[in-house]
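A.B. asks: Fold the following, please.
(one chain, ligands or ions: 1)
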Amino acid sequence: MANIIIPPGWHIPDREATPESVYFNRRAFIKSAGLGIAAAGLGACGQDFAPIYIDNDLPVDGSCDASPPTHPLQTICPSPTVNLYPANRNPAYEVPSRDLTDRLVAATYNNFYEFIGGGLGAENTIWPFVGPFTVWPWTIEVTGEAEVTGTFDVSDFEREFGLEERVYRHRCVERWSMVVPWTGYPLARLIQKFRPLSSANYVRFVGFDRPNEAIGQQIPGIYPWPYYEALRMDEALNELAFMVTGIFGEPLPKQHGAPWRLALPWKYGFKGPKSIVRIEFTRERPPTFWSDVWSDEYGFYSNVNPDVPHPRWSQRWETPIGTEEQRATTLFNGYGSYVADLYDPDLLTYIS
Ligand code: MTE
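C.D. replies: Residues are numbered from 1 along each chain as shown. Just a heads-up that it's a prediction; the model follows:
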């Protein structure tokens, strides 16, 4: 993928050296008592939900209409399960050694090629293009080697499983990183619901294909949309694999992959697809998007590994977004105690 990144994806634009919470005018706005949700009103998406207000004085009205957003967090579309936010933080998943990434930096420095309208590699210009993207209602198809298949409304999963918050590291293959509180539930809970057959060796995830809503999908010839990724079943059932529905205590902004995406903190970020519409249980190992686009990209596993350089750059260090620091990359992004057993140690340098 990254051989078309211009400028390099790890370049931090000057604008982002200043936290976006300073860059954008702060403005007093209605705040609810610590919940981040305002009093009742006619919400967006034509649904009768309370509009969302962010609890840090930011001018967010949850309008969620198709017009271009004027603020990076105006892209939060009130979800049918908004009453489940904020979820309790699970203390088992914290990153005590690092500060949380600034919320607005995270919301303005993204990878979501479906919405690349500001030029390839323009990670800081995803959010202005997500306005036309409709995220609710959101149904998914489940197919393949499982007892339970069919069409499901993703908001029902949130009600059924409940939500928790986990602070995870996130490491992009382009060498930028962040530490953010995701809201969601374990992928294993979701998979168990579908009762995969013993023949289900892999789980495949497919994104949406809506060129009329996603400017990046209008670019002809480069990408085989929709986005697709896959995991081996034991990876998918690992306790770290997390279905994400929110960030920073509220439903996901569209640019983070609303209404749900996957977080796999021991792998490079591209293994975690955003805005998933189909899940397939397969016998054979499915191909993956970036490996199909660029034959010299990392392969199926793509685990974070400082010893396996990208064809065009070292992976020995990373830059937390919003900073100019360089920090050492660690094997499995520091999550080896959870996942090292999944992989053959003799093949450790080949698992990327
Ligand atoms: N999912 C889809 N559908 N399309 C994408 O372009 N980019 C991936 C991943 N998931 C991508 C995607 C990459 S390269 C990264 S680093 C993360 O999303 C970025 O997530 P964030 O923008 O929420 O930080």
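
A.B. asks: can we go C-alpha only for contacts and neighbour counts from here?
C.D. replies: Noted.

A.B. asks: Scan this protein for its longest strand.
C.D. replies: Residue-count comparison of every strand in the chain, with assignments taken from DSSP state E, identifies strand 176-186 as the longest.

A.B. asks: and it, which strands flank it?
C.D. replies: Applying DSSP bridges, strand 176-186 is found paired with strand 164-171 (antiparallel), strand 242-247 (antiparallel), strand 317-320 (parallel).

A.B. asks: out of these, deepest packed?
C.D. replies: Here the criterion is mean neighbour count by mean count of other C-alpha atoms under 10 Å, and of the strands paired with strand 176-186 the winner is strand 242-247, at a mean of 27.

A.B. asks: So for that one, mean pLDDT?
C.D. replies: Averaging the model's pLDDT scores along strand 242-247 yields 97.

A.B. asks: Verify the stated contact: residue 241 with residue 187.
C.D. replies: Yes. Look at residue 241 against residue 187 with C-alpha atoms under 8 Å: they come within range, at 5.5 Å.

A.B. asks: returning to that earlier point: send me the helix or strand following the longest strand of the chain as CSV with only the CA atoms.
C.D. replies: Sequence-wise, the next helix or strand beyond strand 176-186 is helix 187-194, with elements assigned using DSSP states H and E. This file holds the C-alpha atoms of helix 187-194, laid out as CSV (Å, rounded to 0.1, in the frame of the first residue of the first chain):
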residue,chain,number,x,y,z
LEU,A,187,-14.6,-10.4,18.7
ALA,A,188,-14.7,-13.9,20.3
ARG,A,189,-18.2,-13.1,21.7
LEU,A,190,-19.5,-12.3,18.3
ILE,A,191,-17.9,-15.3,16.7
GLN,A,192,-19.3,-17.7,19.3
LYS,A,193,-22.8,-16.3,18.6
PHE,A,194,-22.5,-17.7,15.0
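
A.B. asks: What residues of the helix or strand just after helix 187-194 count as buried?
C.D. replies: The first helix or strand that comes after helix 187-194 along the chain, using DSSP H and E, is strand 202-207. Applying a neighbour-count criterion of 16 or more other C-alpha atoms under 10 Å, one finds 202-207 buried in strand 202-207.

A.B. asks: can you list those residues in TSV and add distance to the ligand?
C.D. replies: Output for the buried residues of strand 202-207, formatted as TSV (distance: C-alpha to the nearest ligand atom, whole Å):
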residue	distance to the ligand
202	18
203	16
204	13
205	10
206	8
207	5
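
A.B. asks: Near the ligand, which residues of the stretch 1-150 of the chain are found?
C.D. replies: 110-114 (C-alpha under 6 Å from any ligand atom).

A.B. asks: one more time with 8 Å
C.D. replies: In this structure, the stretch 1-150 of the chain approaches the ligand at residues 106-107, 109-114, 123, judged by C-alpha under 8 Å from any ligand atom.

A.B. asks: Can you tell me which of those residues end up in helices?
C.D. replies: When helices are assigned by DSSP state H, the members of those inside them are 106-107.

A.B. asks: so which two of the residues of the stretch 1-150 of the chain next to the ligand are the farthest from each other?
C.D. replies: With distance counted by C-alpha to C-alpha, no two of these lie farther apart than 106 and 114, which are 17.7 Å apart.

A.B. asks: Which one's more surrounded, those two?
C.D. replies: residue 114 (27 against 23; other C-alpha atoms under 10 Å).

A.B. asks: The more buried one reaches residue 219, doesn't it?
C.D. replies: No. Residue 114 is beyond contact range of residue 219, at 9.3 Å (criterion: C-alpha under 8 Å).

A.B. asks: so where is this protein shaky, pLDDT-wise?
C.D. replies: Low-confidence regions of the chain, defined by pLDDT under 70, span residues 1-63, 118-124, 348-351.

A.B. asks: show me where it has strands.
C.D. replies: Remark: strands of the chain, listed N- to C-terminal, are 139-144, 150-153, 164-171, 176-186, 202-207, 228-232, 242-247, 250-251, 261-263, 276-282, 317-320, 327-328; assignment by DSSP E.
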